[in-house]
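Enquirer: I would like to see how this sequence folds:
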Amino acid sequence: MQSALGNWKVASVAASVALVYNLDAAALGARPSSTITTSASFNGSTQYFDVPSTTAFGFSTTDFTIEFWWRPTVDQRSDVLDFWSDTGVGSYPVTRFDFGRVTSTTLDLYTDGTGGSGAKITGPSIASLLNAWHHIAITRQSGSIYMWVDGTQAGSTYNANVLDMGADMKLRIMGDHGAAGNGSGNLTNVRVVVGTALYTATFTPPTTTLRAVSGTTFLLPLTAAPFMDLSANLLTVTNNGTTVTSVQAPALTTGTTDVTGTYTITSSTPTATFTGSCAATTLTVASGLTGTVTTGMTITGGSIPAGTYIVNQLTGTTGSTGTYTISASVTQTSTSITGARINWFGTQGGIFSNYFSGDGIAAYITGGPNIGAATAYTVMMAYKLNAGLTASYGRLLNSNTASPDWLMGGYSSTSKAWFSNGVTINLSGPTDTVWHIDFVTFNGASLGNIFSSTSVQPTATPTYTATNAAISGFNQLKLYSKSDGNECAAGDIGVIKIWTGVLSTAQMQAQYAAYKTRFGY
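Expert: Purely as a prediction, here's the structure:
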């Protein structure tokens, strides 16, 4: 993607090298905000969701956050989130962790198992909440459990027992797991975070849609069918009773800065794949749609430039076939197009970010030139591994084809990595979570060098070097995963630039000087 660099001044380089690719996340800083208008609507009797037993709900005794937006419409029993296991009542550990209008006429936190059966926290009456949207959360910090309604603590803190909820649980949404659906009204933006209590004192409820943060194990937007988990776990959500959406939503927008767009691109559970075409800034979603098309979704396919995203819908059924405005002018005949899950943050002037690591996730951006085997080149990347994920698995930057096999930057827990066509320039240590402005250079014959820089500019002495005639170029680039979509890596990427030719030390230092302040140096 050839993109504007906003206010970031970049020094020019000599004629012996040519800039052929410039992907800068800062160029997406003006992505539009949109207001959500729909949510999942439940009839209070036959409609509910089920999620099978999973370690994603392995709360054990750790800190956690469970939150959602709910608009109850009937004052009746409503098990909004019913976490449970198959073990009998009264056994160890806790066998049920149920949140909603469970035992009386109030918003309750109810448990079975350790600590006895019954309501552990009692909140406001459901009657007082009817026909209005409310942000509701349960958090645990250091063994103490809190209920929050619209940013204010409701009921008493529960700390009589340290509730051990074990290594895995099932989940029924808007229903009693021992009976059927009972939840009334509308529900949206369900998020489960394990390991962190996001709310520990009075707070202002979120004004933007909930996105994946570190520790997110379940993320269910519920703004459009089909309803899918957008966390790294891609949990199966079974829609019982054909729950649909209705035009009813809290005052939430997708935001304009410090907002992430989290989307999935995978052959098994795509957020959106379809046959489509582009003419100028209009995308036509024609047929073969799987998933939901959403505003802000990054799209890839054919000649569509990397970083192109959907601005708004022009015609057709919301989230489905029709026409959409996109952020780039593209001429693309009918082809297969996919919507990718990549986060975007306004920090450092704009960065791409991915918290998810592992196989089968397939979150990536593709683009860039083909660099031939005997072509001299330089690749610069500003990146860091995500905090708390230094042992994460995967490839931060990779060739878009299996051959030649090529990767750079982060590799599993290793920064300063480079591997090219069977040659290891560096794949071992160090492990860190700081911003790097790294350069790899190949002279087109046999010499490959890594120049890694953090708080100090690169020098004439490479950080790592290798001489091997097998070192090669690459066929486009894929951010965050291997060419086959596996080995997805967790990390942040701000800028990727590619030149044909080898930058001199002075030219690398000029590039470093242009970006160092942006990335904290």
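Enquirer: use CA for all of it now, contacts and neighbours both
Expert: OK.
Enquirer: buried residues in stretch 188-202?
Expert: Across stretch 188-202, burial judged by 16 or more other C-alpha atoms under 10 Å covers 188-199.
Enquirer: Quick one: residues in contact with it.
Expert: Residues external to stretch 188-202 that are found in contact with it (C-alpha atoms under 8 Å, 6 or more residues apart in numbering): 39-40, 57, 59, 62-70, 139-141, 151-153, 209-210, 213-223, 249.
Enquirer: Then stretch 76-85?
Expert: Contacts of stretch 76-85 with the rest of the structure, by C-alpha under 8 Å, 6+ apart, involve 44, 53, 95-105, 168-177, 182-184.
Enquirer: tell me the mean pLDDT for that stretch?
Expert: For stretch 76-85, the mean pLDDT works out to 92.
Enquirer: Please export the C-alpha coordinates of it as CSV.
Expert: The C-alpha trace of stretch 76-85 is given here as CSV (Å, rounded to 0.1, in the frame of the first residue of the first chain):
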residue,chain,number,x,y,z
GLN,A,76,-38.9,-12.2,34.6
ARG,A,77,-36.2,-14.7,35.4
SER,A,78,-33.3,-14.0,32.9
ASP,A,79,-30.1,-16.0,33.2
VAL,A,80,-28.1,-13.6,31.0
LEU,A,81,-24.7,-15.5,31.4
ASP,A,82,-24.9,-18.9,33.0
PHE,A,83,-21.4,-20.5,33.3
TRP,A,84,-21.6,-24.1,34.4
SER,A,85,-19.9,-27.5,34.6
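Enquirer: does M508 sit in a helix, a strand or a coil?
Expert: Reducing the assignment to helix, strand or coil with DSSP: H, G, I helix; E, B strand; the rest coil, the entry for M508 is helix.
Enquirer: Contact partners for the residue lying closest to it once chain neighbours are set aside?
Expert: Closest residue in space to M508, ignoring its immediate chain neighbours: P458 at 7.0 Å, by C-alpha to C-alpha, 6 or more residues apart in numbering. P458 makes contact with 451-452, 505, 508-509, 512, according to C-alpha under 8 Å, 6+ apart.
Enquirer: And T275, by the same measure?
Expert: For T275, the contact set (C-alpha under 8 Å, 6+ apart) comprises 285-289, 334-337.
Enquirer: So how do I select the buried members of these in PyMOL?
Expert: Written as a PyMOL command, the selection of buried residues from those, which uses 16+ other C-alpha under 10 Å, is:
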select buried, resi 285+286+289+336+337
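Enquirer: which one of the contacts of T275 sits closest to W418?
Expert: Compare each of these with W418 using C-alpha to C-alpha and the shortest gap goes to I337, at 30.2 Å.
Enquirer: Let me know the distance separating that closest one from T323.
Expert: Applying C-alpha to C-alpha, to the nearest Å, the value for I337 to T323 is 14 Å.
Enquirer: ok, now T317?
Expert: According to C-alpha to C-alpha, T317 and T323 sit 10 Å apart.
Enquirer: and what of G143?
Expert: Distance, G143 to T323, by C-alpha to C-alpha: 51 Å.
Enquirer: Check T208 too.
Expert: With the distance defined as C-alpha to C-alpha, T208 ends up 25 Å from T323.
Enquirer: next one: T202
Expert: From T202 to T323 the distance is 43 Å (C-alpha to C-alpha).
Enquirer: likewise V293?
Expert: Remark: distance between V293 and T323 (C-alpha to C-alpha) = 11 Å.
Enquirer: go on, N186?
Expert: In this structure, N186 and T323 are separated by 28 Å, where distance is defined by C-alpha to C-alpha.
Enquirer: for A25, same thing?
Expert: Here the distance between A25 and T323 works out to 26 Å (C-alpha to C-alpha).
Enquirer: now do T300
Expert: Noted for T300: a distance of 16 Å to T323, by C-alpha to C-alpha.
Enquirer: Outline the domain layout of this protein.
Expert: 18-31+344-515, 39-246, 272-340 (automatic domain parsing).
Enquirer: Compare A25 and T323 (neighbour count), which wins?
Expert: A25 (24 against 20; other C-alpha atoms under 10 Å).
Enquirer: give the contact list for that one.
Expert: For A25, the residues meeting the contact criterion (C-alpha under 8 Å, 6+ apart) are 344, 349-352, 493-495.
Enquirer: Likewise for T204?
Expert: The neighbourhood of T204, defined by C-alpha under 8 Å, 6+ apart, consists of 150-151.
Enquirer: Lowest mean pLDDT among the helices and strands of the chain, which one is it?
Expert: Between all helices and strands in the chain, the lowest mean by mean pLDDT, DSSP states H and E belongs to strand 343-345, at a mean of 60.
Enquirer: Just after that strand, pick out the following helix or strand.
Expert: On the C-terminal side of strand 343-345, the nearest following helix or strand under DSSP states H and E is strand 351-354.
Enquirer: May I ask which two of the buried residues of stretch 188-202 are separated the most?
Expert: By the measure C-alpha to C-alpha, the buried residues of stretch 188-202 have their two most distant members at T188 and G195, which lie 22.4 Å apart.
Enquirer: and A514, what element?
Expert: Assigned by DSSP H and E, A514 belongs to helix 505-515.
Enquirer: Okay, buried residues for that helix please.
Expert: Within helix 505-515, the residues that count as buried by 16+ other C-alpha under 10 Å are 505, 508-513, 515.
Enquirer: Turn those into CSV, including pLDDT and distance to P404.
Expert: Shown next, in CSV, are these (pLDDT from 0 to 100; distance: C-alpha to C-alpha, whole Å):
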residue, pLDDT, distance to P404
T505, 97, 27
M508, 97, 26
Q509, 96, 29
A510, 92, 30
Q511, 93, 28
Y512, 96, 29
A513, 92, 32
Y515, 93, 30
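Enquirer: now, among those residues, which is nearest to T414?
Expert: Minimum separation from T414 among the buried residues of helix 505-515 (C-alpha to C-alpha) is found for Y512, which lies at 21.3 Å.
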